[in-house]
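Participant: my questions are about this predicted structure, shown below with the sequence.
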Amino acid sequence: MKLPSRVKLVDVGPRDGLQNEKGEVPAAVKIGLVHRLQDAGLKEIEVTSFVSPKWVPQMADNTQVMAGIQRKPGVRYSVLTPNMKGFEASVASKPDEIVVFGAASEAFSQRNINCSIAESIERFAPVVEAARAKGIYVRGAISTAVGCPYEGDVAPERVELVAKLMKQIGVQHVGVADTIGVGTPRKVQAAMEAALKHYELDDVSGHFHDTYGQALPNTLATLEMGVWQYDSSVAGLGGCPYAKGATGNVATEDVVYMLHGMGIETGIDLDKLIDAGKYISDFLGRKPNSRAATALLNKRAG
Ligand SMILES: CC(C)(COP(=O)([O-])OP(=O)([O-])OC[C@H]1O[C@@H](n2cnc3c(N)ncnc32)[C@H](O)[C@@H]1OP(=O)([O-])[O-])[C@@H](O)C(=O)NCCC(=O)NCCSC(=O)C[C@@](C)(O)CC(=O)[O-]
């Protein structure tokens, strides 16, 4: 077992987390969160999405949020773009990276982006081409990589197919996403292995929701495969509006606590990260959904 010595975390809280909030989160609060995350040492932040405001009204302030960020050198700012309309709208915001998001299950593809898997690839192809022509890095998300809220279990072969199709259209990196957090270590390893049939180890990442408390074991199981890039969400924010009942991503604080305890570097200051999580949790009027943050905040309070 050779674990990586360093892990890159992409905090997806401002996007994946806040897209699911019922109450309004003002752009200034989102910007404040991004600033706190970059001050804590995050090197990539998924800021927002350029999707239809009818589908996800929480992200309608995408341009305003991107414009309000005081960028820190060395930090990458990514955004979701499901189609050319979204990509074109994002360009003025100068994202470092865009994310096209497909799914390994047909039903989720239909519910989330209103088209089949094959149609999604057709829509992504010009987006990928246009982004790469502008030197913008392209990541692909493969949702429902182990389980789907509408279809149940998803076979690794489905992940392999989407990874292959994404590779064919020039997507540079794929994230294996357990959208509803049903995966357990061996299943998540199988989904990751399927993606690795078409992508190098340096070009894959894990995106694990924590609905069943499996996100840390799933992270460890894929670390053991050599995977060193993960999405996580400060304070465990989030869920997906088209995956009812799914809770947030694994909390960044919990992943950082585990990795640092294993001697794996992240470049993240856990204390500052906890402050970032507390900032957004205070605004939302609840406690951070992170065991490590809760323990360390209790310790601080004495
Ligand atoms: C993909 C569409 C747009 C297709 O939606 P559609 O209705 O099929 O699109 P359309 O092309 O037929 O257009 C319909 C209307 O939407 C507008 N429109 C069309 N595109 C855009 C755009 N980009 N930005 C703004 N407006 C747009 C378009 O202009 C038109 O406006 P109208 O003429 O009716 O006024 C829609 O289904 C959509 O926005 N879906 C987004 C759903 C979403 O954001 N889900 C959450 C993110 S994915 C996720 O969280 C999972 C992930 C990534 O974290 C990994 C995991 O855990 O699984």
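Facilitator: Received, thanks.
Participant: may I see the buried residues of stretch 199-207?
Facilitator: Neighbour counts over stretch 199-207 (16 or more other C-beta atoms under 10 Å) mark 199, 203-207 as buried. The way it works is simple: take the backbone N, C-alpha and C, and place the C-beta from them, glycine included.
Participant: any part of stretch 249-258 near the ligand?
Facilitator: No. Stretch 249-258 stays clear of the ligand (C-beta under 6 Å from any ligand atom), getting no nearer than 7.3 Å.
Participant: now stretch 10-18
Facilitator: Yes. Applying C-beta under 6 Å from any ligand atom, one finds stretch 10-18 in contact with the ligand at Asp16.
Participant: of the buried residues of stretch 199-207, list those near the ligand.
Facilitator: With C-beta under 6 Å from any ligand atom as the criterion, the buried residues of stretch 199-207 include His207 near the ligand.
Participant: Arg111 is in contact with Thr179, correct?
Facilitator: No. Checked against C-beta atoms under 8 Å, the pair Thr179 and Arg111 is beyond contact range at 11.0 Å.
Participant: between these two, which is the more surrounded one?
Facilitator: More crowded of Thr179 and Arg111, by other C-beta atoms under 10 Å: Thr179, with 32 against 18.
Participant: mind listing the helices for the chain?
Facilitator: 27-39, 62-68, 84-91, 106-113, 117-133, 156-168, 185-195, 215-223, 252-261, 270-284, 291-301 (DSSP state H).
Participant: okay, those in JSON lines with mean pLDDT next?
Facilitator: Formatted as JSON lines, the helices of the chain follow (pLDDT from 0 to 100):
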{"stretch": "helix 27-39", "mean pLDDT": "98"}
{"stretch": "helix 62-68", "mean pLDDT": "98"}
{"stretch": "helix 84-91", "mean pLDDT": "98"}
{"stretch": "helix 106-113", "mean pLDDT": "97"}
{"stretch": "helix 117-133", "mean pLDDT": "98"}
{"stretch": "helix 156-168", "mean pLDDT": "98"}
{"stretch": "helix 185-195", "mean pLDDT": "98"}
{"stretch": "helix 215-223", "mean pLDDT": "98"}
{"stretch": "helix 252-261", "mean pLDDT": "98"}
{"stretch": "helix 270-284", "mean pLDDT": "97"}
{"stretch": "helix 291-301", "mean pLDDT": "96"}
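Participant: gap between the closest residue to Ala28 other than its chain neighbours and Thr222?
Facilitator: Residue nearest to Ala28 in three dimensions, not counting chain neighbours: Gly68, with 7.2 Å by C-beta to C-beta, 6 or more residues apart in numbering. Look at Gly68 and Thr222: by C-beta to C-beta, to the nearest Å, they are 34 Å apart.
Participant: who has more neighbours, these two?
Facilitator: The residue with more neighbours, out of Gly68 and Thr222, is Thr222; 24 against 15, by other C-beta under 10 Å.
Participant: quick one: contacts for the more buried one?
Facilitator: 188-189, 192, 206 (C-beta atoms under 8 Å, 6 or more residues apart in numbering).
Participant: quick revisit: can you add pLDDT and distance to Lys278 and give the buried residues of stretch 199-207 back as a markdown table?
Facilitator: As requested, the buried residues of stretch 199-207 are exported to a markdown table (pLDDT from 0 to 100; distance: C-beta to C-beta, whole Å):
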| residue | pLDDT | distance to Lys278 |
| --- | --- | --- |
| Tyr199 | 98 | 36 |
| Asp203 | 98 | 34 |
| Val204 | 98 | 32 |
| Ser205 | 98 | 26 |
| Gly206 | 98 | 26 |
| His207 | 98 | 24 |
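Participant: now, which of the buried residues of stretch 199-207 sits nearest Asn83?
Facilitator: His207 (20.8 Å; C-beta to C-beta).
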